[in-house]
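Colleague: Build the 3D model from these lines:
(chains A, B and C)
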Amino acid sequence: MDLKQFLLQLRLDPSALWLIIALPLLGAFLCGVFGRMLGRANVYLVACAAVAGSFLLSLSAFLSVSPLEAAQAVTMENAFSSGTIRYAFGYDFGTWFSAGTFRVNFGLMVDHLSGTLLLVITGVGFLIHLYSTSYMSHDDGYWRYFAYLNLFVAAMLTLVLADNLVLLFVGWEGVGMASYLLIGFWYSDTAKAWAGRKAFVTNRIGDFAFLIATFLIVLLVSAFNTQATAANFSMVGGNPEAAQVRYREGLQMKGPVAFQGLETMANALHVTPEKAQGGVNLQTPISEGPLEGRTFGGVLTVALLLFLLGAAGKSAQFPLYVWLPDAMAGPTPVSALIHAATMVTAGVYLFSRMSYLLVLSPTAMVTVAIIGTITSLLAALIAFAQDDIKKVLAYSTVSQLGIMFMGVGMGIFWAAVLHLVTHAFFKACLFLGAGSVMHGNADETDIKKLGGVRHEMKQTWFTFLVATLAITGIVPLSGFFSKDAIYHGIHHNHLHGYEWASSVIYYMGLLIAASTAFYMSRVYLLTFEGKRSPEAKIPHAHESDWRMTTPLWVLAILSVVALFQALPLMPGRGGVMQPVMENFLGPVFSSAERIAARGGEVKLDHSVPSIIDYLKAWLVALAGGAAAGFMYLKFFPSRAGQPAPAFARSVRRFTQNKFYVDEAYEFLVIRPVKNVSAILYKLVDTLLIDTVAVRGTAWVTARLGSALRYVQTGDAQAYAAVMALALLGGAVYALILVMK
Amino acid sequence: MNIELVLFGAFALLTLLSAGLVIFAKSAISSAMSLVATFFFLAGIYVLLWAHTVAVLQVLVYAGAIMVLFLFVIMLLNLGEETSAGPRLTLSRILGGAAAAGLLVVLVMVIWRIPAPTTTFTGAQAVASGFGTLPAIGQVIYTQWLLPFEAVSLLLLVAMVGAVVVAKSRI
Amino acid sequence: MVPISYYLILAAALFCLGMFGVLIRRNALVVFMCVELMLNAANLTFLAFAKQNGHLTGHVSAFFVIAVAAAEASIGLAIVIAVFRSRGTVSIEEIRTMKH
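Modeller: Next up, the predicted model:
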């Protein structure tokens, strides 16, 4: 009772929200600037304390938006409509910059979605900081490492807390930069530096699309503001005229890119002309500006597809996923934090945050879902044959992110976010486990040269097993529930005009689930079971110390406990029990639900999976796992030196080479760009600029100078004579002018 | 034919004559003495222009102070007659000379075309307002032109110090 | 009453004579004297216009020109002395350091 009272009082003042970001930023500054001076232990202390403090503040922010007693729920004033936002709070720190009517505020906001992510980022982040203190204990660049890691946490928190697109983009770029710095952390190794560069360039392509999409959104909002009538605002609530006035005030105060404003606009946009009564609908052409003549719906779809490209860059989706496997060049804890748990989920977060816009465009939704499916399947198949433990996990991450995109694309947002959370736990656990294995086996990453580690690293083995079961989708671990919630939603949600997508993507999903089970079992079996490989670098592995095993245990426990979020325990609409997470994220996605119900473009289902559904998914997972177990323990004793059948070898070679996607890019994109660049280099740079423009001017000047040298006699009177001649010329010219 | 025109003609002729001597004299001393004469004749013309004060200053400062300085320097450097008969003819000299002559032609042409101005300022007015007298000029200098006047005094100070610094080998 | 153009023509002739001297004489001292001639030509114009307009500003300008001429002469002659000391000549033709 006392604890409950204490927790009820634990609330974060909205004006202190910036501290959540500022703490890790300060940590990054201290570690980066004074790191060497402070010494190893102090850097550990500063970095961990910064993230721990941020975690505590996040916890109190989280408790503020989701209090234990419903009566204490916070509400936040909506700047764009007369209504209030439930279960959210935020603080506007004033105008960041403005130009004309365009304005961006520095506003932070916490609701249930960002609150959840806050806890994941700072919680998992803290565990990984703790783990890193042991993992990086032999590295001299420790201060640089912790500065980057803190910087990453700060940027990721900015991304999540931002209440407008531009501030979100700041975080978006910040995490990209931190990721680049950490992938190329060991920059003296050329391959690793190149991996960082590849990640950066690939991300830049996505970021460019993100920016263009933001510009389109700005134009769309201004067009909506000019063309909307009071009829539009009848759906926002309250008196329509007053609502429109309020919306305009909101635009003036917070600018066009604030999420609240976008939500109000999405609510006010009619889907079809029949219901619009003269108001703006998705088929209304824009009347002025650069987008003149295009329809609102069309521009919105293009913007969302560009956002998809941006999200594909950051979240490693097809066709921009190629950087993530290479990103494993960074230290393993970095892979766990950035390239598994947090940064790569930014795309999922972005679409969840803008769910109300997404449900207005079934085309964009189905594209998101299809991209997710392709990515997921491709990555799962490539993961079959990878021998590097981190590479397998990287492809697994790509595959799991694809599943989240499938969920977002099919409108089952809450399950995608749930999978994001559970995936953060078990994938971080897997990566840290892999790091622990590498640490105990002299940095060996080839799973064929490991094996039998189970007996020597009991704690690592057990936690890795739990996480493997979770990702494989074995009852009753969290991965099973979150993945199955997505599949169930995909199967029962329908997109208008794309009805076929539901079942096609669902069955592809089952195939992906089986593949996941297959490759995860393979990694697990080859690493931990069987006999120790004779090719191992050291004869005996050693268990890591407590700073590395503690995070493993916490994450393993979390990957089990997180399952409660998917249990139907909360009373939902019509007395049906809802999964906890769906209920919890209800306020965030309520606009999307409302728009979907109103427009009929997207049909969102709320049924709870039945036992049959569970059983089906479970059997699929089990079958995949069993197949892997059978093949790798009996049929494919690849370690015993017996040759595999010819067809198996060619398939293996094909998948081992990642379906030659990198080579295809090399051939289709990089080579042509290089050739064109080479031509441009030779023609424009070398010939025109270097030879003609730069050296040419120098040559002409030099020749002219040496020719004119002889004019410089040093005779003062000769110079004076020239002056006199010029004076005469001027006088004559003046005379001619006067004579006219 | 009034007396003013006669005086102007005489002074102008003498001025140009002595100025020509400045240029074409063989020795520096002759040039300097011709220059003094030029200044005296010019002072006469200044008087014709009702500028008595400037005329007096011309004689005092130019013909007195500055020319004495020149003569001192000539004496100091012990410059005799130039060894060669005249300046060597070079391209720059020919061009420069031609330019000077051409400029004179152009200027005369321009001045000739100036329409005769209607003079409203008469001698009676000049006498009444004290035109060109020391009090009148002082009035203008110390009211309208005080800052340039002070700047000129500073310039003279700088020139004095500068001359000492430049001319002395060791300070 | 002498027309102003007579004075101006005299000033132009004086100026051009001075310029001619500057351009053809070799002795640096004589060159300086010719510069003084040119300055006086300018003075003459100032005074002529002053009389024409009945305005004393021309007189003030002439006064300033005389002061500047004094400054110029003192510095210029100091330079001539310095040059003579280092090179033993005041002939412009032989002082050619700014040469190609």
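
Colleague: Can you give me the buried ones in stretch C:43-62?
Modeller: Across stretch C:43-62, burial judged by 16 or more other CB atoms under 10 Å in any protein chain shown covers C:43-52, C:54, C:56, C:58-62. C-beta: built from backbone N, CA, C; applies to glycine.

Colleague: Check whether it comes near chain A.
Modeller: No. Stretch C:43-62 stays clear of chain A (CB under 8 Å from any CB of the partner chain), getting no nearer than 14.7 Å.

Colleague: contacts for that stretch?
Modeller: B:42, B:45-46, B:49-51, B:53-54, B:58, B:117, B:119-121, B:125-126, B:129, B:131-132, B:136-137, B:140-141, B:144-145, C:4, C:7-8, C:10-11, C:14, C:65-66 (CB atoms under 8 Å, 6 or more residues apart in numbering or on different chains).

Colleague: Swap in 6 Å and give it another go.
Modeller: Residues outside stretch C:43-62 that contact it (CB atoms under 6 Å, 6 or more residues apart in numbering or on different chains): B:46, B:49-51, B:54, B:121, B:136-137, B:140-141, B:145, C:4, C:7, C:11, C:65.

Colleague: and what of stretch C:91-100?
Modeller: Here stretch C:91-100 makes contact (CB under 6 Å, 6+ apart) with A:Arg709, A:Gln712, A:Gly714, A:Asp715, A:Ala716, A:Gln717, C:Arg26, C:Ala28.

Colleague: Point out the ones among those that are inside helices.
Modeller: Using DSSP state H, A:Ala716, A:Gln717, C:Ala28 are the members of these that sit in helices.

Colleague: Quick check: nearest residue in space to the last one, chain neighbours excluded?
Modeller: Counting by CB to CB, 6 or more residues apart in numbering or on different chains, C:Ala28 lies nearest to C:Val90, which is 4.4 Å off, once chain neighbours are set aside.

Colleague: Next, the buried residues of the top helix by length along chain C.
Modeller: Longest helix of chain C, by residue count under DSSP H: helix C:57-87. Buried positions in helix C:57-87, judged by neighbour count with 16+ other CB under 10 Å: C:58-67, C:69-84.

Colleague: residues in contact with B:Val59?
Modeller: Contacts for B:Val59 (CB under 6 Å, 6+ apart) come out as B:Ala43.

Colleague: Give me the distance between it and A:Phe210.
Modeller: Distance, B:Val59 to A:Phe210, using CB to CB, to the nearest Å: 86 Å.

Colleague: Tell me how chain B divides into domains.
Modeller: For chain B, automatic domain parsing gives the domain ranges B:1-80, B:126-171.

Colleague: Of the ones you listed, which stretch is the most buried?
Modeller: Ranked by mean neighbour count, the domains of chain B are led by domain B:1-80 with a mean of 19 (mean count of other CB atoms under 10 Å in any protein chain shown).

Colleague: Can you find the helix or strand in chain A with the smallest mean pLDDT?
Modeller: helix A:646-656 (a mean of 61; mean pLDDT, DSSP states H and E).

Colleague: for stretch A:104-116, what is the average pLDDT?
Modeller: Stretch A:104-116 comes out with an average pLDDT of 88.

Colleague: Which residues belonging to it are considered buried?
Modeller: A:104-116.

Colleague: hang on, the earlier thing: so who does the residue nearest to C:Ala28 touch?
Modeller: C:Asn27, C:Ala28, C:Val80, C:Phe84.

Colleague: contacting residues for the first one?
Modeller: Translated: C:Asn27. B:Ala28, C:Val90.

Colleague: so what's A:Ala99 bridging to?
Modeller: Here A:Ala99 sits in beta bridges with A:Phe102, going by DSSP bridges.

Colleague: In three-state terms, label B:Thr119 for me.
Modeller: What DSSP: H, G, I helix; E, B strand; the rest coil gives for B:Thr119 is coil.

Colleague: Give the helix, strand or coil label for the closest residue to it other than its chain neighbours.
Modeller: Nearest residue to B:Thr119, sequence neighbours excluded (CB to CB, 6+ apart): C:Gln52, at 6.7 Å. The three-state assignment at C:Gln52 reads helix, by three-state DSSP.

Colleague: Next one: C:Gln52 from A:Ile486, what distance?
Modeller: Following CB to CB, the distance that separates C:Gln52 from A:Ile486 is 101 Å.

Colleague: and the most centrally placed residue in chain B, what helix or strand is that in?
Modeller: Nearest residue to the geometric centre of chain B (CA atoms, centre = their mean): B:Phe39, 5.9 Å. Under the criterion DSSP states H and E, the helix or strand holding B:Phe39 is helix B:28-48.
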